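Asker: Give me a 3D structure for the following:
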Amino acid sequence: MPFSRSELLSFTGGTLPDLIPDPTRLLFVGINPGLLSVAVQAHFAPRGNRFFPALLAAGIVDRRIDASAGMLPADEHHLKHRGVGITSIVPGASAKASDLSNDELHEGGRRLRADIQNIRPRVVALLGIGAYRTAFGAPHATVGRQPIEWEGTDEVWVVPNPSGLNRHYTTAALAEAYREVAVRAGIVTA
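Answerer: Numbering: from 1, shown residues only. Coordinates of the predicted model:
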């Protein structure tokens, strides 16, 4: 279902529901939803986004998931059954993550930390080092496991963002990073 640019822009600031299984073993945290994701009410909806292909390559899911026209109930069930959750630092959609202000990222970080206390995921995997550094006041953070403790989770990781703007990470490299957090969460075996 194609959208015109003006139709997509009308979704600016819109939200979509978090995908939170009970229990949540691994919570992937994006920066904020894109306009198409809000339009079709599915995380990582753009057809070129490498999130779901990387999950498949990592062995986190056992099927191809295409959220470009919305999430199929069977795919949502599969993610939940596997213990995989998806949320965002900032809930409101924008055309680009770079449109977000530092204040929005800081506030989103505070909200996320509070949510994690309720969700209680085994592992939190934040998608993107730049947003993580800003949202959590960690300007020297690097990709990988973070040397911090958050109430409500065992481990906090930063993994590469699957956005097309982050092309220097191949789908295989994304899958390797995502597999590492899935092993830590007990979703796949080493």
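Asker: give me the beta-bridge partners of Leu127?
Answerer: With DSSP bridges as the criterion, Leu127 is bridged to Val159.
Asker: Near it, how many other residues are there?
Answerer: Close neighbours of Leu127, defined as other Cβ atoms under 10 Å, add up to 26. The way it works is simple: take the backbone N, C-alpha and C, and place the C-beta from them, glycine included.
Asker: and Met1, what pLDDT?
Answerer: The model reports Met1 with a pLDDT of 60.
Asker: what's His78 in contact with, if anything?
Answerer: 61-63, 65 (Cβ atoms under 8 Å, 6 or more residues apart in numbering).
Asker: Which parts of the protein are helices?
Answerer: For the chain, applying DSSP state H gives helices covering 5-9, 35-40, 51-58, 73-82, 102-119, 129-135, 171-185.
Asker: Count the residues that sit near the nearest residue to Asp75 once chain neighbours are set aside.
Answerer: Distances taken as Cβ to Cβ, 6 or more residues apart in numbering place Ile65 nearest to Asp75, at 4.7 Å, with adjacent residues excluded. Using other Cβ under 10 Å, Ile65 has 20 other residues around it.
Asker: List the contacts of Ile65.
Answerer: Ile65 neighbours (Cβ under 8 Å, 6+ apart): 52, 55-56, 71-72, 75, 78-79.
Asker: Can you tell me which of these comes closest to Arg179?
Answerer: Leu55 (9.3 Å; Cβ to Cβ).
Asker: Who are the contact partners of the closest one?
Answerer: Going by Cβ under 8 Å, 6+ apart, Leu55 touches 61, 65, 84, 175, 178.
Asker: Distance to Ile116 and pLDDT for these - can I get that in JSON lines?
Answerer: As requested, the contacts of Leu55 are exported to JSON lines (distance: Cβ to Cβ, whole Å; pLDDT from 0 to 100):
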{"residue": "Val61", "distance to Ile116": "22", "pLDDT": "97"}
{"residue": "Ile65", "distance to Ile116": "24", "pLDDT": "97"}
{"residue": "Val84", "distance to Ile116": "15", "pLDDT": "98"}
{"residue": "Ala175", "distance to Ile116": "24", "pLDDT": "97"}
{"residue": "Tyr178", "distance to Ile116": "19", "pLDDT": "98"}
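Asker: which among these end up buried?
Answerer: Buried residues within those, counting neighbours by 16 or more other Cβ atoms under 10 Å: 61, 65, 84, 175, 178.
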